[in-house]
Every structure is written in structure tokens, then in C-alpha cells.
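# structure of the sequence below:
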Amino acid sequence: NFTGKNLATKRNVKTLLSVGGPEGEAHRALVNLTKTEEQISIFSYNAISYLRFYGFHGLDIDWQYPSTLSMKAGLIKLLEILRRDFDSNTAGERLLLTVKCPGVYSSDGYDVPLMSRYVDYVVLAAYNLPTPNAMQAWFGSPLYSTHISVNSSVREWLDEGLPANKTVVGITSVGRFLRLLDVLRFTPGDPINETLRGNDYNIPGGLAYSEICVMLKIVETFFDEAAQMYYLVSENTWVGYEDFDSITAKITWMKNLNLAGVMFPEIDMDDFNGTVCGYGPFPFMNMIKHLSETITTARPSQTSTTTATVTRNETTTAATDVTSTTIIQETTDNPTLRADSTTADNMQAGTTNHSTVTIFAIFLAMCVFATVVVCLARKHSMSDKHRLQEQISHR
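Predicted coordinates:
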């Protein structure tokens with residue numbers, strides 16, 4: 001009885017059952033039942049019985065990549081009936097209802113104002129985003145970019161009417177795993193030969209955080225200031241991934257927008273035994289939790305397009321998904337914080353090609369000074385990371 005154990009040991013934990021998925025039989029079954037109100041009502045009745053019997057606190061509808069207008073209408077009808085029946089059931093604590101959607105908004109798939117009316121939270125899978133070019137080394141969840149980014153994607157959802165205080169954004173521990181075409185060309189945007197799979201989890205084009213930790217002990221790492229993401233290079237392999245500074249940037253950005261919380265989609269791909277990364281069990285999830293609780297003020301906007309080098313010297317849902325969600329705040333939406341997403345991305349996104357940038361002599365002294373400041377900031381940031389990881393490892 002895992003729910004009973006949660007209630008006994010973690011009284012503030014809310015456990016939701018998730019149904020559906022981005023594809024497969026579970027996805028098709030969920031879509032099919034939305035074709036008639038009778039089927040939805042039967043599903044709702046059975047869902048409530050199941051949730052109450054096993055002590056769940058609510059239901060998550062994983063509804064990604066809808067392809068037809070009928071699916072769009074079906075989702076709204078499903079959420080409407082579930083919300084009505086959940087609120088009518090007073091046998092226990094009020095049941096939560098959430099929906100998981102892709103990071104990139106689709107007007108053909110989602111009626112955002114209506115959807116928001118019926119759910120407690122909308123969870124955006126703002127990772128594994130489309131890249132500018134499938135044959136280029138690029139990140140799955142750049143915070144900023146001249147192409148699709150976490151910033152531009154989430155802001156589009158907000159602009160369509162999604163309340164900030166119902167918006168939860170996912171941060172993945174899975175890195176983008178690629179083979180370079182030329183070992184001498186390894187910066188973001190350079191050509192790749194193919195995507196790769198890790199040995200432990202066999203993720204197409206992806207590497208789990210526990211697998212990344214093995215590589216971090218022996219390779220040099222880099223931090224892309226424009227995308228606010230890490231990448232590592234080992235001979236002809238390239239991995240773009242999240243770590244302390246990229247997570248710090250994302251959570252700071254979320255708090256600036258008054259978003260509701262953070263979702264970590266794959267607990268089983270963290271170092272759950274604490275034997276690989278060297279920082280105790282679940283270092284990635286603990287990093288997210290710690291930063292969600294401790295970041296209270298925004299960092300200044302980083303407009304530098306320099307890619308700084310950093311070296312590492314130190315070594316519950318249904319089906320196949322295990323998800324953790326941290327609610328970071330309950331605030332009302334602040335529309336004044338919704339700056340134009342294109343402008344914000346253009347301010348942050350650096351050029352990742354190899355063109356020569358001409359700098360006027362009058363700015364030379366300022367650039368030297370800025371470089372020194374960036375280096376000092378990076379050193380301080382890495383020290384923060386090491387202190388955090390030492391705290392986690394001693395828990």
C-alpha cells in the first residue's frame with residue numbers, strides 16, 4: 001500500500017494516478033472513450049471508485065499530441081464530466097484533476113480557456129522540444145533560443161489564456177545524446193551524424209541522468225549562456241543536459257512568471273540508489289526541490305552570448321511513467337510579467353554558428369570587464385552546486 005505509506009510518512013504528499021500517454025494503447029483507449037458522454041460517465045464513475053479505494057488524491061490526464069478537432073472537443077467533455085463528478089463526490093478529500101500537455105501549444109488540439117476552467121493544474125512537458133535542424137547538435141529544453149524554447153513555448157500557452165497559477169512546467173533529467181559529424185566541431189548548432197541510445201535505458205536519442213553522471217567524471221563540460229543549458233563532449237559524442245545552473249535559471253524564470261510549480265517526469269532515471277553520481281539518492285530531484293524552496297529573488301537577465309567553459313573535477317503515476325511535481329507557489333497571474341516572448345528569446349539567444357562578430361573598439365574594455373564578471377559568477381555558481389550536492393549527500 002504505497003499510498004498508505006505516503007500518508008503515514010509524508011503527510012503533505014499528494015499522490016495522483018495518471019492515465020493516457022503520448023502514444024500507445026493507453027492513449028488510444030483514452031481517446032476512444034471520449035467519443036460519447038455515456039462512456040465518459042462510466043469512466044468517471046470507475047475512476048472515482050478506484051481513486052477512493054486506493055487512497056489517491058486525484059487523477060492526471062496525460063493528453064498529448066491531439067491530431068483532430070474531435071479530440072479537442074473530446075478532451076473538454078472529459079474534463080468537464082470529471083470535474084463535475086469529482087466535485088459531487090464528498091466521500092473524502094476533494095479530488096484533484098490535472099492534465100499533461102506538450103510544451104508546444106496547438107490551437108487544433110486545445111481549448112485553453114475551457115480546459116483551464118475544469119482542472120487544478122496544467123502540466124507542460126516543456127522538454128524534448130523541436131530543434132532548428134534534426135542534424136544539428138542542439139538542446140531539448142533551451143530556456144532561450146531564436147527557435148523554439150521553454151520561454152517562448154510556455155508564454156504562448158499563457159497568451160492563449162492558461163492561468164500562471166495553474167501552470168506547472170516539466171524539467172527533464174534526460175539529456176540529448178548525439179554523435180558528432182566532426183570531432184573538431186562540437187558547439188551547439190554544429191552538424192551531427194546520428195542520434196544515440198544509452199546502454200542502461202535505451203532511450204532513443206537520450207541519456208538518463210544516472211548515465212550522464214558516469215560521463216561527467218571523465219569529460220569536460222560546457223555551459224551555453226544563451227540557451228542556459230549544459231553540454232559535454234567525449235570524442236565524437238555530444239550530450240546536452242540539465243544541471244545546477246540550468247535548473248536554477250529555469251526555476252528563477254518560473255518564479256518571475258508566478259508559475260505554479262515544477263514537474264520532474266522520470267524519477268526512475270535519476271540516480272535513485274545514490275551509487276553513481278556520488279551525491280546520495282535522487283540527486284536530480286533533490287536539486288529541483290532544494291532550488292524550488294530556496295530561490296526567492298530573480299537573478300539579473302543574462303544577455304551575454306558567450307559560451308563559458310566549466311570543468312568538472314568532482315566526481316506516481318500509472319503505466320511506465322513515474323513523475324514528481326513540486327508546487328512552488330500559489331499566486332495570481334501577473335500579466336505585467338508577460339514580456340514579448342520573441343523579444344526575450346532574442347535578447348537571451350546567442351549565435352551558435354561560426355560567423356565572425358565585429359566588435360567596435362569603444363566596447364573592448366567593457367567586454368573584457370564583462371568576461372571577468374561572467375567567469376567570477378560561474379565560479380561562484382559551481383561552488384553553490386558543490387555545496388548543495390554535499391548537503392544532499394549527507395541527508
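# show the end-to-end separation of stretch 143-151, please.
6 Å (CA to CA, to the nearest Å).
# and it, average pLDDT?
In this model, stretch 143-151 has an average pLDDT of 96.
# repeat for stretch 174-185
97.
# contacts for that stretch?
127-128, 137-140, 186, 190-198, 203, 205-209, 212, 233, 235-242, 266, 269 (CB atoms under 8 Å, 6 or more residues apart in numbering). Just so you know, the C-beta spots here come from the backbone N, C-alpha and C atoms, and that holds for glycine as well.
# recalculate using a threshold of 6 Å.
137, 140, 186, 191-196, 205-208, 212, 236-241 (CB atoms under 6 Å, 6 or more residues apart in numbering).
# now, which of those lie within helices?
Using DSSP state H, the subset of the contacts of stretch 174-185 located in helices is I212.
# in strands, which of the contacts of stretch 174-185 fall?
192-195, 206-207, 237-241 (DSSP state E).
# mean pLDDT per helix and strand in the chain: which one sits at the bottom?
strand 307-310 (a mean of 34; mean pLDDT, DSSP states H and E).
# just to revisit the earlier point, taking the ones in strands among the contacts of stretch 174-185 together, which two end up most distant?
Across the ones in strands among the contacts of stretch 174-185, the longest distance by CB to CB is 19.4 Å; it joins N193 and Y241.
# pick out whichever of those two has more residues nearby.
Y241 (27 against 12; other CB atoms under 10 Å).
# the more buried one and Y230 touch, don't they?
Yes - with contact defined as CB atoms under 6 Å, Y241 and Y230 form a contacting pair (5.3 Å).
# pLDDT wise, what is the nearest residue to G175 once chain neighbours are set aside at?
Excluding the flanking residues, the one nearest G175 by CB to CB, 6 or more residues apart in numbering is Y241, at 3.2 Å. With respect to pLDDT, Y241 scores 98.
# from E235, how far out is Y241?
Remark: distance between Y241 and E235 (CB to CB, to the nearest Å) = 17 Å.
# any idea where the helices of the stretch 151-300 of the chain begin and end?
Under the criterion DSSP state H, counting those that start in this stretch, the stretch 151-300 of the chain contains helices at 209-216, 244-256, 283-294.
# and the shortest one, what's its mean pLDDT?
Mean pLDDT, computed over helix 209-216, is 95.
# same deal with stretch 78-90?
98.
# how about stretch 190-197?
Here the average pLDDT along stretch 190-197 is 97.
# with stretch 109-124 instead?
Mean predicted lDDT for stretch 109-124 stands at 97.
# what residues does that stretch touch?
66, 72, 76, 79-80, 83, 96-101, 103, 160-163, 166-169, 260, 263.
# what distance separates the start and the end of it?
One end of stretch 109-124 to the other measures 14 Å (CA to CA).
# returning to that earlier point: among the ones in strands among the contacts of stretch 174-185, which ones are buried?
Burial by neighbour count, judged by 16 or more other CB atoms under 10 Å, picks out 192, 206-207, 237-241 from these.
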